[in-house]
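>>> how would this look folded up:
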Amino acid sequence: MRIISGRFRRRVLSSPDGNGIRPTTDRTRESMFNIISSRMDLDGAHVADLYCGSGSLGLEAWSRGAAMVHFVDRDPDALSLARKNAYALEEHAPCRFVKDRAANWLSTQPEEAYDLILADPPYDAQDLTGLIERTLRVVKPTGLFILEHDRSVQIEERPELLFTRKYGKTALSVFGPELDQE
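Numbering: from 1, shown residues only. Now for the predicted structure:
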């Protein structure tokens, strides 16, 4: 697993040791960040990486210019791995690491706090609708929320859902403002 682009391009990240963490593949992560870069500039962005696992999504955002990344995971081993990967890239990483359930953490955040929120919950996670509701409350009006999920899961239509793209067993549902068509 490696950083794909940005200032830490090609840097290798530590991978999990079979403890239930399912890292996003390089191909899916590259597609995700192509979507992001077509819709927003990450320079100076505030990002949250929910269910962070190894931290690869948040670290990719940081490599591409994010000013601050919050990593959230209830698993202390996952959070430790994300911290290890961040500090291997830079000793004074602009990151915060929070051991908590995503739903709990989201309920403590001020409204419209983040430019980008990335969530990769376990594929068998329940209540994705609730997660979407809580997450959209803390994304800036011009921001994006990208949910990685099993391709067989149908995300309910809502105005903020821009599209869903499928990559193998994975799907990315992208939420945010509609771009002006001029």
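
>>> element containing Leu106, please.
helix 102-107 (DSSP states H and E).

>>> So for that helix, what gets flagged as buried?
Ala102, Trp105, Leu106 (16 or more other CB atoms under 10 Å). (Each C-beta comes from the backbone N, C-alpha and C, glycine too.)

>>> Strands of the protein, start to end?
Remark: strands assigned in the chain by DSSP state E are 46-50, 68-73, 95-99, 114-119, 139-150, 161-167, 170-175.

>>> would you turn those into a markdown table with mean pLDDT, distance to Met32 and mean neighbour count?
Below are the strands of the chain laid out as a markdown table (pLDDT from 0 to 100; distance: least, CB to CB, whole Å; neighbours: other CB atoms under 10 Å):
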| stretch | mean pLDDT | distance to Met32 | mean neighbour count |
| --- | --- | --- | --- |
| strand 46-50 | 98 | 12 | 26 |
| strand 68-73 | 97 | 15 | 24 |
| strand 95-99 | 97 | 19 | 17 |
| strand 114-119 | 98 | 8 | 25 |
| strand 139-150 | 96 | 6 | 19 |
| strand 161-167 | 95 | 9 | 14 |
| strand 170-175 | 96 | 6 | 20 |
